[in-house]
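Novice: sharing a model prediction with you, sequence too.
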Amino acid sequence: MQITSVSRAAGQEKGIDSGLSWLDQVLAAATLISFVAALYLAFVYAPTEAVQGDVQRIFYFHVPIAWLAFLAFFVVFCGSIMYLWKRSEGWDILARCSAELGVIFTTLVLITGSIWGRPTWGAWWAWDARMTSTLILWAVYVVYLMLRAYGTDRERGARYGAVLGIIGFADVPIVQMSITWWRTLHPGPVISLEGDSSLPPEMLTALMVSLLAFTLFYVFMLRQRMQVEWLRSELDAARETDERG
């Protein structure tokens with residue numbers, strides 16, 4: 001009973017409630033609307049690619065998911081640096097929750113890439129430089145999550161995890177530049193850093209709306225996951241206090 005009352009008070013202090021806050025409601029609605037728009041643009045509005053046919057439409061989801069995986073791991077990188085500097089639990093929670101989402105996004109990248117590769121290359125997996133470096137990135141952050149989940153000492157696990165989260169991010173630019181540094185089957189970028197695009201306007205619009213939808217989804221899920229972790233942290237602290245008392 002004491003743990004329940006303490007955790008409820010802690011949750012209210014952290015802004016955790018039984019329902020969604022107004023910001024989360026807006027994010028959820030915007031995410032839903034943008035996903036519906038992205039589906040319409042990807043499957044109806046955007047023209048069929050002349051060479052690849054309809055299988056090319058997976059591009060409107062594969063590319064935004066890859067970008068969001070990079071963003072999630074960048075948040076892990078920043079959160080890990082800030083945790084080592086400030087030793088604040090909030091930065092550790094941010095990094096850990098973003099790593100979970102990053103692993104999910106990277107898993108989807110590997111799956112959607114394989115689905116596209118089967119009819120295009122004739123194989124589900126080609127050990128292409130981009131695919132291999134992405135698989136390594138996935139493995140690094142799976143190890144990160146395992147380290148955080150099975151560590152017996154919370155503070156030590158957070159510290160070791162932060163170091164791995166920083167080092168692991170070094171693979172992100174390798175993944176990005178792999179198609180430039182090595183001979184690869186993977187298509188080249190369709191949008192340059194200068195903002196130039198080789199895509200027709202309809203395809204570019206579908207890609208950008210899909211990117212918006214996945215970005216909103218990432219922000220929404222990150223907020224929800226962090227709230228759960230804050231509540232779990234407060235529950236653990238209340239339980240320890242109750243056991244000592």
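Specialist: Arrived safely. Numbering: from 1, shown residues only.

Novice: in this structure, which residue is closest to the centre?
Specialist: Gly102 (3.0 Å; Cα atoms, centre = their mean).

Novice: tell me if I'm right that that one and Trp67 touch.
Specialist: No - between Gly102 and Trp67 there is no contact under Cβ atoms under 8 Å: 11.5 Å. Glycine gets a C-beta too; all of them are placed from N, C-alpha and C.

Novice: returning to what we had before: just give the nearest non-adjacent residue to the residue nearest to the centre of the chain, would you?
Specialist: Distances taken as Cβ to Cβ, 6 or more residues apart in numbering put Ala72 closest to Gly102, at 3.3 Å, once the chain neighbours are dropped.

Novice: for this structure, give me the ranges with low pLDDT.
Specialist: Within the chain, the stretches with pLDDT under 70 are 1-19, 188-197, 240, 243, 245.

Novice: show me what the helix or strand where Val63 lies is packed against.
Specialist: Assigned by DSSP states H and E, Val63 belongs to helix 59-86. In terms of contacts (3 or more Cβ pairs under 8 Å, 6 or more residues apart in numbering; DSSP states H and E), helix 59-86 is packed against helix 89-121, helix 129-150, helix 154-168, helix 171-181, helix 201-244.

Novice: return the most buried member of those helices.
Specialist: helix 89-121 (a mean of 20; mean count of other Cβ atoms under 10 Å).

Novice: ok and that one relative to helix 201-244, angle-wise?
Specialist: If you take axes from the mean of the first three to the mean of the last three Cα atoms, to 10 degrees, helix 89-121 sits at 140 degrees to helix 201-244.

Novice: remind me what helix 89-121 packs against, helices and strands.
Specialist: Using 3+ Cβ pairs under 8 Å, 6+ apart as the test, helix 89-121 ends up in contact with helix 59-86, helix 129-150, helix 154-168, helix 201-244.

Novice: straight-line length of stretch 45-65, end to end?
Specialist: 20 Å (Cα to Cα, to the nearest Å).

Novice: contacts only, for Gly53.
Specialist: By Cβ atoms under 8 Å, 6 or more residues apart in numbering, no residues touch Gly53.

Novice: how close does it sit to Ile115?
Specialist: Between Gly53 and Ile115 the distance is 14 Å, computed by Cβ to Cβ, to the nearest Å.

Novice: surely Ala213 touches Phe61?
Specialist: No - the pair Ala213 / Phe61 is not scored as a contact, 9.4 Å apart, by Cβ under 8 Å.

Novice: report the contact partners of Glu202.
Specialist: Leu41, Tyr45, Ala46, Pro47.

Novice: swap the cut-off to 6 Å and go again
Specialist: Tyr45, Ala46, Pro47 (Cβ atoms under 6 Å, 6 or more residues apart in numbering).

Novice: cool, and Thr106?
Specialist: If you count contacts by Cβ under 6 Å, 6+ apart, then Thr106 has Ala69, Trp138 around it.
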